[in-house]
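Undergrad: Requesting a structural model of the entry that follows:
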Amino acid sequence: MNKKILFLITGLIISAAFFTKIQPVSAATISVTSPNGGENLIKGTPYTIQWTGGYSTITDPLRSVALMLTKEDGVTQVGWIHWGNSPSGSYSWDPVEVRSAMAAIGIGASYQVNVPDGKYKIRAIDYNDPRGTAVAFDTSDAPFSIVAAGTTQPSITVLSPNGGENWKVGEKKLIQYNTILSGYSGQTWLQLILLKNNIPLMTVPYEWTIPATVEAGNDYKIEARLYAWPIPPICVGKEVCALSELSSVSSNLLASDKSDAAFSMVNLTNRSPDAPFNLTVASAIATDRTAKLYWQNVNGEKFYIYKNKNDETFQFLAVTTDKFYKDISGLSPDIKYGYYVTAVNIYGESQPSNKVYIYPAANQPSITVLSPNGGEQWGIGKQYSITWNSASSINHVTIALNKSGQYVKNLVRNIISNGSAFWTPDLGLTPGSDYKIRITDFDSGVYDESDNYFSIIKTGSAPTCLPDNTLIKLPDDPKVYVIINCEKKWIQTAEEFKEEGYKWSDVKAVNSPVIQAYADYSQTTADLLRAVGQERVYKVVNGKLIWVPTVSAFNAQGLKWSDVQNVDASRLNQYPRAKLLQASGDPKIYYITESGLKRHIPNETIFDSYGNKWEDVVRVTSAEINSFPDATLIKAEDGYQVYKIENGQKRWIKTDAAFKRLKLDWNKVTPVNSAELDAYPEGAVIE
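TA: This is a model prediction of the structure:
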């Protein structure tokens, strides 16, 4: 062959082998599945290399898959194993030798390279044709060993948990494994790692009490790693090494194994089933003498209904998977009946609801909402009259506002039932055509609501929400109000005005419609709750729980420790967690994680991609928003690459050393869906 031609071909091959440019092709993905770390390949015994994706998933006769053997760093080339069409996703190889780039494509046979005993990785590369540009590649996650026949290499196998188990937070568990060390003369040491979604979360001891920081989930595995001696000096004397401390000994890995399948973590503190809440009875006793029960719940799988009469012991009545039940057992007049519902989740834990009682007499108390009853348009900032009819036996009622069938808030509570009450739709409400009024007898629980939806609209004269801490008053009225969460709070004394650091020069005079457009501030002592024996304090806003994450945040919001009520945990479980928050006057919406981090949702498309509903957004003060630290570390829900969000860009943290250098916390990495991850432009890689 002409030397120039040979030199040209050699140059092209070297260029393809060492300076491959990966072109983004949406359909092109490839992933090495075996060997992927910890395996022992014996010379003279064929081993099946396996991968997913690549040519095996694409109908293209020109596509090729190349298999390269690298040193344990995953970069330094040793030689080529295979280069050609392999639609099966596997290739059988005797790990005695590899070929140079020339031999890989059939040019010459003198380029065979013997493979010394040692640690290596496989790199699989998907090419768009046998001489073209690579479109995807992947490398073994960890090194594997190649040894001569007759050499005994240590091995380790995870026995428990190995898939399907339910482990509960707070319990002590024994992680079981088996090691084979016969024939290996060196000393070894072991590390156990908890994986979540196949991402290393933390190192753990073999006898492990599961801490409360472990979140509930069904995507956990244990990885056991066996290392050659010595233990890194930084780990000497410790029960376990930190994840970041293991990077320095990756070259000493002898063998590893993971749970065959995922197991579950059950957090009884943070994830017992939500108790059914808003349990109500709508009775039609006068006609068919039945009771219709309705309730709300988040994560119950089954619901057990219990019933009693005349305050006797409650007895089991029925079980259902629905969130309503019709009791057709034949209720008798003039007997007091009681009901409650217990929710049971998939793990068998249960939580009971509140108890409700009815008196199914023939002349049972009744309520009928007259206005608004459907079709009305009520403007924000204008006063309207809510009217109803009620039986003479009904003395007090509670009036609530519902939107799209979901509770929004109580407008008035336990007022005398005189047939009417004035109400001004306030600026804190979202305009919409799906509102109803529900009026409930405070004693019996009998209620009625608007027959059809009415609308709340923003009129041309309605003002916009003023920023928090704005001071307003009427020109001829000495009362001064401060705006909090689009509501007005009356500052009742000069001492209070002074203690809060307000200035008289900041008070703005406004007209009466502006004052009326703001609802009275709704913060009451009943809004601050804490479960007995726990430290977390929650606010109840719009029927949802908001965690006050720090003492400084508590004080910054002007809350009082004397107002905190210690309640049973079941009381907290009556409320769903507020996940979506928005500061008054700020268009940004934040997602609040279970660990108390806030993440700005960049746009409406991403908001919708999670199945969020706008009515679930809870308006709070800017101080409350600022009390939650930002979630700046994200990863794909099914990925392993961690990104740091900076200046609206995502920056890949490429190595564990970089993660450690920045003093980042693995527990603060939050998974996001592909829509959100793709919304951030790529920034510079952090190495």
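
Undergrad: Is Asp476 within a helix or a strand, and which one?
TA: For Asp476, there is no enclosing helix or strand under DSSP states H and E.

Undergrad: which phi and psi does Ala657 have?
TA: phi -60, psi -40 (degrees, to the nearest 10).

Undergrad: How confident was the prediction at the closest residue to it other than its chain neighbours?
TA: Distances taken as CB to CB, 6 or more residues apart in numbering place Ser247 nearest to Ala657, at 6.0 Å, with adjacent residues excluded. The way it works is simple: take the backbone N, C-alpha and C, and place the C-beta from them, glycine included. Ser247 is assigned 70 on the pLDDT scale.

Undergrad: which residue packs closest to the most centrally placed residue in the chain, ignoring adjacent ones?
TA: For the chain, the residue nearest the mean C-alpha position is Thr593 (6.0 Å; CA atoms, centre = their mean). Distance criterion CB to CB, 6+ apart; nearest residue to Thr593, sequence neighbours excluded, is Thr670 at 5.6 Å.

Undergrad: Where does that neighbour sit, in terms of helix or strand?
TA: Under the assignment here (DSSP H and E), Thr670 is part of strand 669-672.

Undergrad: and that strand, what's its mean pLDDT?
TA: Averaged over strand 669-672, pLDDT sits at 87.

Undergrad: roughly how far out does it sit from the chain middle?
TA: 8 Å (CA atoms, centre = their mean, to the nearest Å).

Undergrad: cool, and stretch 450-459?
TA: 34 Å.

Undergrad: Show residues contacting that stretch.
TA: For stretch 450-459, contacts defined as CB atoms under 8 Å, 6 or more residues apart in numbering pick out 369, 372-382, 425, 429-438.

Undergrad: what about burial for those residues, which qualify?
TA: Buried subset of the contacts of stretch 450-459 (neighbour count, 16 or more other CB atoms under 10 Å): 369, 372-373, 378-381, 425, 429, 435-438.

Undergrad: circling back: can you give me the separation between the residue nearest to Thr593 and Asp608?
TA: Computed as CB to CB, to the nearest Å, the Thr670 to Asp608 distance reads 19 Å.

Undergrad: When the two are compared, which one has more neighbours?
TA: A side-by-side neighbour count of Thr670 and Asp608, using other CB atoms under 10 Å, places Thr670 first with 16 against 13.

Undergrad: Just confirm Ile515 is within a helix.
TA: Yes: judged by DSSP: H, G, I helix; E, B strand; the rest coil, Ile515 forms part of a helix.

Undergrad: For the stretch 1-150 of the chain, which segments count as strands?
TA: Secondary structure of the stretch 1-150 of the chain (DSSP state E, counting those that start in this stretch): strands at 30-34, 40-42, 47-53, 64-71, 77-84, 90-93, 97-99, 112-114, 118-127, 134-139, 144-147.

Undergrad: got CSV for those strands, with distance to Gln492, mean pLDDT and mean neighbour count too?
TA: Shown next, in CSV, are the strands of the stretch 1-150 of the chain (distance: least, CB to CB, whole Å; pLDDT from 0 to 100; neighbours: other CB atoms under 10 Å):
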stretch, distance to Gln492, mean pLDDT, mean neighbour count
strand 30-34, 66, 87, 18
strand 40-42, 78, 83, 19
strand 47-53, 68, 86, 18
strand 64-71, 75, 86, 21
strand 77-84, 78, 83, 19
strand 90-93, 78, 88, 15
strand 97-99, 84, 83, 19
strand 112-114, 87, 78, 12
strand 118-127, 72, 85, 22
strand 134-139, 67, 78, 20
strand 144-147, 74, 84, 21
